[in-house]
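Student: Can you look at this prediction? I've put the sequence above it.
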Amino acid sequence: MTGTTLWDLVAWRAARTPGATALIQGAECARHDRVITFGALRRRAERVAAGLYERGVRPGSRVVWQLPTRIETVLLSLALARIGAVQSPVVPLYRDHEVGQVLRRTRAAFFAVPGTWRGFDHRAMAHRLAAALPGPLTVIDAYDTLPDADPAVLPPPPADADEIRWIYWTSGTTAGPKGVLHTDHSLRTAGRCLGDALRLGPSDIGSMAFPYAHVAGPDYTVLLLLHGIPALLLEHFALPGSLAAYRRHRVTVAGGSTAFYALFLAEQRKLPPGQRLLPSLRLLAGGGAPMSPGLYHAVVAELGCQLTHGYAMTEAPMVTMGDPHDSPEHLATTAGRPAAGMEIRIAPGTGEISLRGPAVCRGYLDEPAPPPCLDGTGGAALSPDGFLPTGDLGHLTPTGHLVITGRLKDIIIRKGENISAQEIEQLLHGHPGVADAAVIGLPDAERGERVCVVIEQPPGARQLTLHEVCAHLLAQGLAPHKLPEQLELPAALPRGATLRKVLKQELRERYGGGWGAPGRGGAPGGDLSE
């Protein structure tokens, strides 16, 4: 394969196996399933690119898209890659608060939305936000019908795989999302390394139950293109409802994050002994949150498949991954070994993990305003010698396996999603019943972590309820998947003796053993399919 850009890879695979199945859109019943081949994927993506071009999208145009996991979403993204536009995917669960920041900071000229999806009117939100932007924003409906035109209008495909053409978003140590700058080269490297780590074969059938707008979207697409295998797409992942599609298409490789492992395992335990939940499944794989050794051993013993867990982040979509041929001890207790070309450095004293390699991003979108062009590295993210500090803590074993021990960053990883504690705290501080608030992540068997809000109320204030706290956060524009599941109302927050900083570790120790009574039976806190 001689190409270097993502579009080169699309064209290479289409020429090599044009009639092979690329994507399967899973539905609740078989008659609504849809299939597209690699040849059709290229042809239709090029026609969509031409349609977008006729609507004004040009090489370098800033395009934000917020779409569910569908064949049409993959086509739109590949079409933008064909044009050479700068695309910024946003997961569909985000709302005005986060999406407004993305549109402003990217200076987007185009915004592709799914119309009304799962009860929320994304098009109406897009027009609300457009009215507050300094420049014009063209809103594109991209759910069932995509722009379509003759590809003859298109300029040649982009040639430089090292140009920044992707802006992904992650919650970091600050309240607002951070724009992570990627190239075709960095995303292609991540996808190649993931495919190599999973030891895929020609008979494998993958699956994408996670949001395609995650950085894992192009990561997994590259894997499919390189290996020429298909993947099942699920617009809405929910168990047991999604199991029929997995069985119907005989998926062999599934996963996403620790929460997915736990959900599959819970369904397996509903069946009689000896009956496998997914008979074709050979491998669960993923990352995004810590995995306990107990979960690993339970999955292998009860689901009857292998489990490989890895370490990655939006800034580096592939860092380490367990090898299916590793020992059970390594698979249960580590995040695997570094991918080819990836270097890990552990800081003396602190144990902070830093990364260097071709899958690492080019930096962050400059704050508070983006640069006039995206031909540089954006905001400072890398050290002078090219290493990216992650804020995560860990160590390498003598065999080169990475063990994650904690993190410096004040974020909560819930169902594989990064949630900024500071963002929620800032929104809470506007409530009259809140004197001070601390948001912490607590261990949770289903979610990895749950969001717990600890509020110190003003003297004489009426006691808040979890429902009232969630209603206030929703009214401030917080995405539903960030809502807390637990509320605690101590008389006072614990503080340090000098700077009076809230002692969050003390709160984690105090409330981490179980559900607090004020938060019992709380908000659902998000959905894996979004």
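Tutor: All right, it came through fine.
Student: quick one, helices of the stretch 351-500 of the chain?
Tutor: Secondary structure of the stretch 351-500 of the chain (DSSP state H, counting those that start in this stretch): helices at 421-428, 466-475.
Student: What mean pLDDT does the helix or strand containing Tyr168 get?
Tutor: Following DSSP states H and E, one finds Tyr168 within strand 164-171. For strand 164-171, mean pLDDT rounds to 91.
Student: Stretch 27-47 now?
Tutor: 95.
Student: Tell me how far that stretch lies from the chain's centre.
Tutor: From the chain centre to the centre of stretch 27-47 is a distance of 23 Å (C-alpha atoms, centre = their mean, to the nearest Å).
Student: Kindly report the same for stretch 450-468.
Tutor: Per C-alpha atoms, centre = their mean, the centroid offset for stretch 450-468 relative to its chain is 30 Å.
Student: export it as PDB, just CAs?
Tutor: Output in PDB follows, covering the C-alpha atoms of stretch 450-468 (Å, rounded to 0.1, in the frame of the first residue of the first chain):
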ATOM      1  CA  ARG A 450     -19.600   7.500  39.000                       C
ATOM      2  CA  VAL A 451     -19.900  11.200  39.400                       C
ATOM      3  CA  CYS A 452     -20.400  12.300  43.000                       C
ATOM      4  CA  VAL A 453     -21.200  15.900  43.900                       C
ATOM      5  CA  VAL A 454     -20.400  17.100  47.400                       C
ATOM      6  CA  ILE A 455     -22.000  20.300  48.300                       C
ATOM      7  CA  GLU A 456     -21.500  22.700  51.300                       C
ATOM      8  CA  GLN A 457     -24.700  24.700  51.600                       C
ATOM      9  CA  PRO A 458     -25.100  28.200  53.000                       C
ATOM     10  CA  PRO A 459     -26.400  28.500  56.600                       C
ATOM     11  CA  GLY A 460     -30.100  28.000  56.800                       C
ATOM     12  CA  ALA A 461     -30.500  26.800  53.200                       C
ATOM     13  CA  ARG A 462     -33.100  24.200  52.400                       C
ATOM     14  CA  GLN A 463     -31.500  20.800  51.800                       C
ATOM     15  CA  LEU A 464     -30.900  20.200  48.100                       C
ATOM     16  CA  THR A 465     -32.000  17.000  46.300                       C
ATOM     17  CA  LEU A 466     -30.100  15.100  43.600                       C
ATOM     18  CA  HIS A 467     -33.000  15.800  41.200                       C
ATOM     19  CA  GLU A 468     -32.700  19.600  41.800                       C
END
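Student: returning to what we had before: the helices of the stretch 351-500 of the chain: lowest mean pLDDT?
Tutor: Across the helices of the stretch 351-500 of the chain, the lowest-scoring stretch is helix 421-428, with a mean of 88.
Student: Now it: buried residues?
Tutor: 421-425, 427-428 (16 or more other C-beta atoms under 10 Å). Any C-beta I mention is one placed from the backbone N, CA and C, and that applies to glycine too.
Student: Glu302 is in contact with Leu271, isn't it?
Tutor: No - using C-beta atoms under 8 Å, Glu302 is not in contact with Leu271; the gap is 9.5 Å.
Student: Pick out whichever of those two has more residues nearby.
Tutor: Remark: of Glu302 and Leu271, Glu302 carries more neighbours, 16 against 11, as counted by other C-beta atoms under 10 Å.
Student: Check which helices and strands the helix or strand containing the more buried one sits against.
Tutor: Assigning secondary structure by DSSP H and E places Glu302 in helix 293-303. Secondary-structure packing of helix 293-303 (3 or more C-beta pairs under 8 Å, 6 or more residues apart in numbering; DSSP states H and E): helix 258-268, strand 306-313, helix 328-333.
Student: Would you reformat those as TSV and include mean neighbour count?
Tutor: Below are the helices and strands packed on helix 293-303 laid out as TSV (neighbours: other C-beta atoms under 10 Å):
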stretch	mean neighbour count
helix 258-268	21
strand 306-313	25
helix 328-333	17
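Student: how about the ones you listed, which one is nearest Ser383?
Tutor: Counting by C-beta to C-beta, Ser383 lies closest to strand 306-313 out of these; the figure is 16.1 Å.
Student: Show me what the closest one is packed against.
Tutor: helix 184-198, strand 283-287, helix 293-303, strand 316-321, helix 328-333.
Student: could I get the ones you listed as TSV with mean pLDDT?
Tutor: Converted to TSV, the helices and strands packed on strand 306-313 look like this (pLDDT from 0 to 100):
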stretch	mean pLDDT
helix 184-198	96
strand 283-287	94
helix 293-303	94
strand 316-321	96
helix 328-333	96
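Student: Which of the ones you listed sits closest to His401?
Tutor: helix 328-333 (5.4 Å).
Student: Which secondary structure elements does the closest one sit against?
Tutor: helix 293-303, strand 306-313.
Student: on that earlier part again, hey, which of the helices and strands packed on strand 306-313 is tucked in deepest?
Tutor: Neighbour counts (mean count of other C-beta atoms under 10 Å) averaged over each of the helices and strands packed on strand 306-313 peak at strand 316-321, with a mean of 29.
Student: Partner strands of that one, with direction?
Tutor: Note on strand 316-321: by DSSP bridges, its sheet partners are strand 306-313 (antiparallel), strand 337-338 (antiparallel).
Student: Can I get that strand in PDB, CA atoms only?
Tutor: Output of strand 316-321 as PDB, limited to C-alpha atoms (Å, rounded to 0.1, in the frame of the first residue of the first chain):
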ATOM      1  CA  ALA A 316      -2.600   9.400  21.500                       C
ATOM      2  CA  PRO A 317      -5.300   7.000  20.200                       C
ATOM      3  CA  MET A 318      -3.000   4.000  20.500                       C
ATOM      4  CA  VAL A 319      -0.300   3.800  23.200                       C
ATOM      5  CA  THR A 320      -0.400   0.200  24.600                       C
ATOM      6  CA  MET A 321      -2.600  -2.800  24.100                       C
END
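Student: which residues sit against it?
Tutor: 186-187, 189-191, 193-194, 197-198, 215-216, 219, 285, 287, 308-313, 335-339, 342, 344, 355, 357, 359-361, 388, 401-402 (C-beta atoms under 8 Å, 6 or more residues apart in numbering).
Student: what does stretch 236-244 give?
Tutor: Outside stretch 236-244, the residues touching it (C-beta under 8 Å, 6+ apart) are 26, 28-29, 68, 118, 209-210, 234, 263-264, 266-267, 270, 277-278, 527-529.
Student: Now distance to Pro240 too, for the helices of the stretch 351-500 of the chain, in CSV please.
Tutor: Shown next, in CSV, are the helices of the stretch 351-500 of the chain (distance: least, C-beta to C-beta, whole Å):
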stretch, distance to Pro240
helix 421-428, 32
helix 466-475, 27
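Student: Show me which helix runs longest in this structure.
Tutor: If you go by DSSP state H, the chain has its longest helix at helix 38-54.
Student: following it, which helix or strand comes up?
Tutor: strand 62-65.
Student: what's downstream of that following strand, the next helix or strand?
Tutor: helix 71-83.
Student: how close does Leu428 sit to Lys482?
Tutor: 12 Å (C-beta to C-beta, to the nearest Å).
Student: Relative to Thr4, which of the helices of the stretch 351-500 of the chain is closest?
Tutor: helix 421-428 (37.4 Å).
Student: any idea of the angle that closest one forms with strand 164-171?
Tutor: Interaxial angle, helix 421-428 versus strand 164-171 (axes from the mean of the first three to the mean of the last three C-alpha atoms, to 10 degrees): 60 degrees.
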